[in-house]
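In: Got a sequence here, can you build the structure:
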Amino acid sequence: MSRIGKIPVKVPQGVKVAFADGMISVEGPKGKLSQKYHPVVTFESNGSEIIVGRVNEEKQTVAYHGLYRNLLNSMVTGVSAGFSKTLIITGVGFRAEVQGNILSMSLGYSNDIFVGIPEGLTVATDAGGKVIVSGIDKQRVGELAAQIRKLRPPEPYKGKGIRYDNEKIRRKVGKSGVK
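Out: Okay, here's the model as predicted:
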């Protein structure tokens, strides 16, 4: 039995959810999202919550049950509240700034690095070295944050690089001087 799939999805006020022709459509104050779903999963609207069910008890069907419940929950959360990821840039001379729809970063390489900001996502920076990626699609927000982090992953000796806000870097001691 899928433990996640059994939990009903709460739909806040102002969010509309529709199921038609194998597509889930969720519309809310921040925007609109849609997702295809497999026909072995059923959706039942029950007032202010949606119950996700399944047609049979096969292993793959049980996996789809939990998957589509979580996808629907993420879509409802995205169009009502949105998602954001915070990255912290650490290092002498490392900085980032947004110029239009391009994120320009100086990360200690010989040239600056430019990252295009996809439509539907917003990126904000501040002087303290924080980069905040936000949007309504959880997958796209996480993907852009991972691409930015991959440009200069944090290194364990001095801690320089780009890390997530809640990420802990395991520090190592350097070489010890020979006497």
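
In: Any idea how many residues pack against residue 56?
Out: 8 (other C-beta atoms under 10 Å). In this view, the C-beta of every residue, glycine as well, is placed from N, C-alpha and C.

In: can you check residue 122 too?
Out: For residue 122, using other C-beta under 10 Å, the count is 14.

In: Pretty sure it sits against residue 135.
Out: Yes - Residue 122 is in contact with residue 135 according to C-beta atoms under 8 Å; the separation is 6.5 Å.

In: got the end-to-end distance for stretch 11-24?
Out: 14 Å (C-alpha to C-alpha, to the nearest Å).

In: Over to stretch 120-132?
Out: Stretch 120-132: ends 14 Å apart by C-alpha to C-alpha.

In: Show me which residues of it are buried.
Out: Using 16 or more other C-beta atoms under 10 Å as the test for burial, stretch 120-132 gives 121, 123, 125, 131.

In: In this protein, where is pLDDT below threshold?
Out: By pLDDT under 70, the low-scoring segments of the chain are 1-2, 177-179.

In: same thing but 80
Out: For the chain, the stretches with pLDDT under 80 are 1-2, 176-179.

In: Which secondary structure elements does the longest strand belonging to the chain sit against?
Out: Using DSSP state E, we find that the single longest strand of the chain is strand 83-90. Applying 3 or more C-beta pairs under 8 Å, 6 or more residues apart in numbering; DSSP states H and E, one finds that strand 83-90 contacts strand 130-135, helix 138-150, strand 161-164.

In: just the angle between the longest one and strand 130-135, please?
Out: Same thing as helix 138-150. Here helix 138-150 points in a direction 160 degrees away from that of strand 130-135 (axes from the mean of the first three to the mean of the last three C-alpha atoms, to 10 degrees).

In: buried ones in helix 138-150?
Out: By 16+ other C-beta under 10 Å, the buried positions in helix 138-150 come out as 138, 140, 141, 144, 145, 148, 149.

In: what's the answer for the shortest one, then?
Out: Of the residues in strand 161-164, those buried under the neighbour-count criterion (16+ other C-beta under 10 Å) are 161, 162, 163.

In: Tell me how far the nearest residue to the last one once chain neighbours are set aside lies from residue 96.
Out: By the measure of C-beta to C-beta, 6 or more residues apart in numbering, the closest residue to residue 163 outside its immediate chain neighbours is residue 154, 4.4 Å from it. As defined by C-beta to C-beta, to the nearest Å, residue 154 lies at a distance of 15 Å from residue 96.

In: ditto for residue 124
Out: Going from residue 124 to residue 96 by C-beta to C-beta gives 10 Å.
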